[in-house]
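Novice: fold the following for me, if possible:
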Amino acid sequence: MTFDKWFEKQSKLVKVILLLIPFVGWVCEILVRVSALLRKTSTLNLIGLLVFGFFGAVLQFVDLFAEILTDKLLLLE
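Specialist: Below is the predicted model:
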């Protein structure tokens with residue numbers, strides 16, 4: 001599963017649009033985090049998946065601003 005690599009290859013505009021759409025953004029976050037966890041098992045990836053799995057609707061907008069400012073999702077290696 002390489003959804004995280006596909007997501008990182010996209011332009012910043014495409015990433016922001018995907019994260020802005022409420023349900024699509026949450027699903028996209030979960031897919032990116034599961035893909036990163038399967039590719040590289042680390043505690044940071046696991047914690048990120050659990051936190052965004054439970055509180056994803058709220059933290060999705062925090063992650064959106066992190067993506068805009070740093071071009072990287074929070075709690076993701």
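Novice: residue nearest the centroid of this protein?
Specialist: Centroid check for the chain by CA atoms, centre = their mean gives residue 29 as the closest residue, at 3.6 Å.
Novice: for that one, which non-adjacent residue is closest in space?
Specialist: residue 52 (5.3 Å; CB to CB, 6 or more residues apart in numbering). Any C-beta I mention is one placed from the backbone N, CA and C, and that applies to glycine too.
Novice: tell me which residues of the helix or strand the one you found falls within come out buried.
Specialist: Taking DSSP states H and E as the definition, one finds residue 52 inside helix 43-70. For helix 43-70, a neighbour-count test (16 or more other CB atoms under 10 Å) marks 45, 48, 49, 52, 56, 59, 60, 63, 64, 66, 67 as buried.
Novice: and it, what does it pack onto?
Specialist: helix 12-20, helix 22-39 (3 or more CB pairs under 8 Å, 6 or more residues apart in numbering; DSSP states H and E).
Novice: and residue 76, which of those is closest to it?
Specialist: helix 22-39 (5.7 Å; CB to CB).
Novice: now do the closest one and helix 12-20, the angle between them.
Specialist: 110 degrees (axes from the mean of the first three to the mean of the last three CA atoms, to 10 degrees).
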